[in-house]
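Student: kindly generate the corresponding structure for this input.
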Amino acid sequence: MRRSFKILVALFALVIAIGTSLALATNRGVHLFNSPRTTGSIIRGAPAKLVPVGPTQGPSTNSITVSGSGHFKADGTGKQYVGAAELMIDGESRHATVTVTLAEPFRPMPNGNQVASASHRFDLGDGQTLNMSGQLILMPGEAPEMLRINSGLGITVGTGTYANARGNLALTGVMQGDLSAADWSINGSIEN
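Tutor: Numbers count the residues shown, from 1 in each chain. Reported below is the predicted structural model:
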């Protein structure tokens, strides 16, 4: 029984590793830090593990698809990043200003990842905001000057149209090794 469990755990870890490797190998390109020398899109990997963070309620009658990409840069305080995003929310193109606030400094993990709890505020204008929180996970990239982002975010609160929003989104992308800037994509759904 114990040996079967160990084999099952090893197979599961192998499937995860292969899936991540394949997802990274099939990228169509990486747009690094708004550089005009690079073209393509942000890393298209397997979605992050989504962990509900916000309030959970019964079934929703209005599920809205969210996708998009953006960037942010450190503001010099060591605790906050600011930037912008272009989002498609239920088929409508929306611009958002983005503020990411770290609840703690990034802490190194034994597996080489760096992790910090963070809140993400998307201000869509006209009194409409989405606030999310979760673990911002940075994984070693192909080069020391690049880290991969793979994070699950849960909606904690919203305002305006999104006052009753809840849902989970995956944030993936790349961050500079000195933690000064990142390009990313976001995908998921909002229940409103």
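Student: check which helix or strand covers Asp123.
Tutor: Assigned by DSSP states H and E, Asp123 belongs to strand 114-125.
Student: for that strand, buried residues please.
Tutor: 114-116, 118-124 (16 or more other CB atoms under 10 Å). C-beta coordinates here come from the backbone N, C-alpha and C atoms, glycine included.
Student: that one: what's the following helix or strand?
Tutor: Following strand 114-125 in sequence, per DSSP H and E, is strand 128-140.
Student: could you list the buried residues of that next one?
Tutor: 128-139.
Student: quick one: contacts for the nearest residue to Leu130 once chain neighbours are set aside?
Tutor: In space, Leu130 comes closest to Phe122 once its chain neighbours are excluded; the distance is 4.5 Å by CB to CB, 6 or more residues apart in numbering. With contacts defined as CB atoms under 8 Å, 6 or more residues apart in numbering, Phe122 is in contact with 85, 87, 96-98, 129-132.
Student: out of the residues you listed, which is nearest to Gly188?
Tutor: Met132 (9.4 Å; CB to CB).
Student: that closest one contacts Val157, doesn't it?
Tutor: No: Met132 lies out of contact with Val157 (CB atoms under 8 Å); the separation is 9.0 Å.
Student: just the helices in this structure please.
Tutor: 2-25 (DSSP state H).
Student: got any ranges where it has weak pLDDT?
Tutor: 1-61 (pLDDT under 70).
Student: quickly list what the nearest residue to Ser180 once chain neighbours are set aside is bridged to.
Tutor: Leaving aside its chain neighbours, Ser180 sits nearest to Ala74 (4.9 Å; criterion: CB to CB, 6+ apart). Note on Ala74: beta-bridge partners Tyr81, judged by DSSP bridges.
Student: ditto for Ser63
Tutor: Assessed by DSSP bridges, Ser63 has beta-bridge partners Glu191.
Student: count of neighbours near the closest residue to Ile149 other than its chain neighbours?
Tutor: Closest residue to Ile149 apart from its sequence neighbours, by CB to CB, 6+ apart: Gly173 at 4.5 Å. By other CB atoms under 10 Å, the residues close to Gly173 number 24.
Student: with the one 5 residues further on instead?
Tutor: When counting by other CB under 10 Å, one arrives at 9 neighbours for Asp178.
Student: for Val157, same thing?
Tutor: 18.
Student: how much space between it and Arg166?
Tutor: Distance from Val157 to Arg166, counting by CB to CB, to the nearest Å: 9 Å.
Student: next one: Phe106
Tutor: Distance, Phe106 to Arg166, by CB to CB: 27 Å.
Student: one more: Ala74?
Tutor: 30 Å.
Student: could you do Ala143 as well?
Tutor: Ala143 is 38 Å from Arg166, by CB to CB.
Student: so what sits opposite Ser185 in the bridge?
Tutor: Note on Ser185: beta-bridge partners Ser69, Thr172, judged by DSSP bridges.
Student: compute the first-to-last residue distance for stretch 155-171.
Tutor: 13 Å (CA to CA, to the nearest Å).
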